[in-house]
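Asker: kindly generate the corresponding structure for this input.
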Amino acid sequence: MAESQFQTVERAAVEYLGNLGPQKRASDEAAVLKFVRWFGRQRGVQAIKARDIDAYCQNIQTNESTALRGFLSYTYKKGLSARGLASHVKSRKEPGESTKSNTTAGDPVIVTEEGLQALRAELEGLKEQRTLVTEQMRKAAADKDFRENAPLQAAREQKSHIEGRIQDLEATISRACTVDERSRSAAVCLGDTVYLKDLSSGNTITYKLVDSREASPAKGKLSSSSPIGRAIMGRHVGQEVEFSAPAGTFKYLLESIESTNTA
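Answerer: Alright, predicted model coming up:
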């Protein structure tokens, strides 16, 4: 082993990225820094175990595997980690790809029109941020000292976060189907506002059924995947609904439905 001193994962990652060419660094940095955040910035490289790589790679993105293998190979060559860690990335690659493919080709993501517009607005905002952060990285990189360049490291981490969120949003929007695009019936559907009478107190409460991404109980927006949301979906006016929660069992009467599809 060439070196035996303690070195944090964060420090090793910065040195690894600093030794790469500009093009390779640009393609690898997001994936490497994502692993660093997951494992723990200040933990020692020698603490990385095969089981850690196995656990991390259960949800790895396809384009991250090459970058992570390169980083782990680098830490071994520097005498900082155990041999064979890079091979564990490869062993988890195929299942990860299959899961990702199935998710992408799965059922549509049902959202309200309001929620879809919010997702699109967030995506556009993040793309603008990405442009600004990329410019910040270009200016910070002009320093040439990658190992001690705190502004560059901060910009890299911010870009990694932005890129991950952009990927999530693009995947969601590509599969999004608004409630107005689906056939409606008298039953409760996503996007409807429901009026429920609490059978124990007699009080009436109002909720709008939305996707979990839009849920905000304080604003009266209830996730369709919550216990009460699941109990209400598909029900008709006049039916009683019952659901269990940690606080107990609750019963409501579905008094009326206000559909968003009134056009």
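Asker: residues touching residue 258, list them.
Answerer: 192, 193, 194, 195 (Cβ atoms under 8 Å, 6 or more residues apart in numbering). Backbone N, C-alpha and C define where each C-beta goes, glycine included.
Asker: just those: which are in strands?
Answerer: 193, 194, 195 (DSSP state E).
Asker: for the last one, give the beta-bridge partners.
Answerer: Beta-bridge pairing of residue 195, defined through DSSP bridges, involves residue 206, residue 256.
Asker: and the helices in the protein?
Answerer: Along the chain, counting by DSSP state H, helices occupy 9-18, 22-39, 50-56, 65-77, 85-104, 113-141, 150-175, 227-232.
Asker: lowest-confidence stretch among the ones you listed?
Answerer: Note on those: helix 85-104 shows the lowest mean pLDDT, a mean of 52.
Asker: contacts only, for residue 241.
Answerer: 196, 228, 231, 232, 235, 251, 252, 253, 254.
Asker: any idea of the pLDDT on it?
Answerer: 87.
Asker: that one and residue 256: what is the separation?
Answerer: 13 Å (Cβ to Cβ, to the nearest Å).
Asker: how about residue 212?
Answerer: Taking Cβ to Cβ, one finds residue 212 at 24 Å from residue 256.
Asker: now do residue 240
Answerer: 14 Å.
Asker: list the buried residues of stretch 126-146.
Answerer: 126, 129, 130, 133, 136, 137, 140, 141, 146 (16 or more other Cβ atoms under 10 Å).
Asker: try stretch 198-210
Answerer: Those would be 207, 208, 209, 210, for stretch 198-210 by 16+ other Cβ under 10 Å.
Asker: for the last one, give me its contacts.
Answerer: With contact set as Cβ under 8 Å, 6+ apart, residue 210 has these partners: 111, 112, 115, 190, 191, 221, 222, 223, 224.
Asker: determine which two of these are furthest apart.
Answerer: 111 and 222 (14.3 Å; Cβ to Cβ).
Asker: run the chain-centre distance for stretch 10-24.
Answerer: 25 Å (Cα atoms, centre = their mean, to the nearest Å).
Asker: ah, wrong one, I meant stretch 217-225
Answerer: 20 Å.
Asker: next, the distance between the ends of that stretch.
Answerer: Across stretch 217-225, the terminal residues are separated by 13 Å (Cα to Cα, to the nearest Å).
Asker: before we move on, what about stretch 55-71?
Answerer: Per Cα to Cα, stretch 55-71 runs 17 Å from first to last residue.
Asker: so what's the gap between that stretch and the chain middle?
Answerer: Computed by Cα atoms, centre = their mean, the chain-centroid distance of stretch 55-71 equals 16 Å.
Asker: swap in stretch 80-89?
Answerer: Distance, centroid of stretch 80-89 to centroid of chain: 26 Å (Cα atoms, centre = their mean).
Asker: in it, which residues are buried?
Answerer: In stretch 80-89, counting by 16+ other Cβ under 10 Å, buried: 80, 81, 85, 86, 88, 89.
Asker: can you show me the CA trace of it as PDB?
Answerer: Output of stretch 80-89 as PDB, limited to C-alpha atoms (Å, rounded to 0.1, in the frame of the first residue of the first chain):
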ATOM      1  CA  LEU A  80      -6.800   3.800   1.700                       C
ATOM      2  CA  SER A  81      -9.500   1.100   1.300                       C
ATOM      3  CA  ALA A  82      -9.900  -2.600   0.900                       C
ATOM      4  CA  ARG A  83      -9.500  -4.400  -2.400                       C
ATOM      5  CA  GLY A  84     -12.500  -5.500  -4.300                       C
ATOM      6  CA  LEU A  85     -14.900  -2.700  -3.300                       C
ATOM      7  CA  ALA A  86     -15.300  -1.500  -6.900                       C
ATOM      8  CA  SER A  87     -16.400  -5.000  -8.000                       C
ATOM      9  CA  HIS A  88     -19.400  -4.700  -5.700                       C
ATOM     10  CA  VAL A  89     -20.700  -1.800  -7.700                       C
END
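Asker: give me every residue that touches the residue of the chain positioned farthest from its centre.
Answerer: For the chain, the residue at maximal distance from the C-alpha centroid (Cα atoms, centre = their mean) is residue 202, at 40.2 Å. Remark: with contacts taken as Cβ under 8 Å, 6+ apart, residue 202 is in contact with nothing.
Asker: brilliant, that's me finished.
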